[in-house]
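A.B. asks: Return atomic coordinates for the entry below.
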Amino acid sequence: MYLLLVDDDERLTRLLDHMLRQAGHTVDVAHDGRMAAALMEQGDYDLLVLDWMLPHEDGVALCERARASGFEGGILMLTARDALEDRLEGFAAGADDYLLKPFEPEELMARLEALGRRAQRPLDGRRLQVGDWMLECDERRVEHRGRVVELTQREFQLLELLMRRAGHSVPRELIYERLWGRDQAVTDNALDATLRLLRRKLSRCATRQPIETLRGLGYRFSP
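C.D. replies: Predicted structure coming up:
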């Protein structure tokens, strides 16, 4: 699944980010409401994890913003507020579930899995299509006009990141963060090698290479 994790506790988000990636999910992280709102406009998320108390824009406002924009995925609120009126306010804004702080990370993972199963997303919420390229997120399957492209997990993650932002530049720094995480030491060669192998495999199916290099900006998926 593709998740947006929003919390101003950076130690907590690092832990949860690592656990979610280990479980095979793709994760974007924001530490304030302004950053979260910008990411919500760009990403096609399956689930949102929103802390209630955030700088600039709180979790309830972000929840309302998401539902007003037509977001149909699951929304889990993280909060220390346990009063009934607070829970009702969150549900009225569009939240699907609550998790009171402090919590065990394993409980968060279980709740997200349950939310992912019952979230009423259309089929194409798990299928990403850009031009003739189709990516089946749950099955980690890539096709181009019926031809299957065999990718490694890292290559698939890179392609998914680029396709979800098709038509927009994706900086190298963002790719490092999304694919390897903030705390891992990764050389430029690791990304260059992954990108080179991914391009080679995509070129076997299409006459035009869909991944463009934008000097000084990063990369763009343009089928």
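
A.B. asks: Any buried residues in whichever helix in the chain runs longest, and which?
C.D. replies: Ordering each helix of the chain by length in residues (DSSP state H) puts helix 188-203 first. The neighbour-count check on helix 188-203 (16 or more other CB atoms under 10 Å) flags 191, 194-195, 198, 201-202 as buried. C-beta coordinates here come from the backbone N, C-alpha and C atoms, glycine included.

A.B. asks: Same question for stretch 17-33.
C.D. replies: Here stretch 17-33 shows 17-18, 20-21, 25-31, 33 as buried, counting by 16+ other CB under 10 Å.

A.B. asks: as a whole number, average confidence for stretch 73-88?
C.D. replies: Regarding stretch 73-88, the rounded mean pLDDT is 83.

A.B. asks: Now do that stretch: everything it contacts.
C.D. replies: Residues outside stretch 73-88 that contact it (CB atoms under 8 Å, 6 or more residues apart in numbering): 7, 45-53, 59-60, 63, 66-67, 90, 94-101, 103, 108, 111-112, 115-116, 118-119, 121, 125.

A.B. asks: How about stretch 148-164?
C.D. replies: Contacts of stretch 148-164 (CB under 8 Å, 6+ apart): 2, 26, 43-44, 128, 130, 133, 135, 137, 140-143, 170, 174-175, 178-179, 194-195, 197-198, 201-202, 204-205, 211, 219-221.

A.B. asks: still on that earlier bit, among the contacts of stretch 73-88, which ones are buried?
C.D. replies: Those of the contacts of stretch 73-88 that meet the buried threshold are 7, 45-52, 59-60, 63, 66, 90, 94-99, 108, 111-112, 115-116, 119, 121, 125, by 16+ other CB under 10 Å.

A.B. asks: Please flag which of these sit within helices.
C.D. replies: Per DSSP H, helices hold the following members of the buried ones among the contacts of stretch 73-88: 59-60, 63, 66, 90, 108, 111-112, 115-116.

A.B. asks: Tell me which two of these sit farthest apart.
C.D. replies: Pairwise distances across those (CB to CB) peak at 22.0 Å, for the pair 60 and 116.

A.B. asks: Name the nearest of the ones in helices among the buried ones among the contacts of stretch 73-88 relative to residue 39.
C.D. replies: residue 66 (11.0 Å).

A.B. asks: dump the residue contacts of that closest one.
C.D. replies: Applying CB under 8 Å, 6+ apart to residue 66 gives the contacts 40, 48, 75, 94.

A.B. asks: out of those residues, which are inside strands?
C.D. replies: Of the contacts of residue 66, the ones assigned to strands by DSSP state E are 48, 75.

A.B. asks: Could you export the contacts of residue 66 as JSON lines, including distance to residue 163?
C.D. replies: Shown next, in JSON lines, are the contacts of residue 66 (distance: CB to CB, whole Å):
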{"residue": "40", "distance to residue 163": "18"}
{"residue": "48", "distance to residue 163": "20"}
{"residue": "75", "distance to residue 163": "24"}
{"residue": "94", "distance to residue 163": "27"}
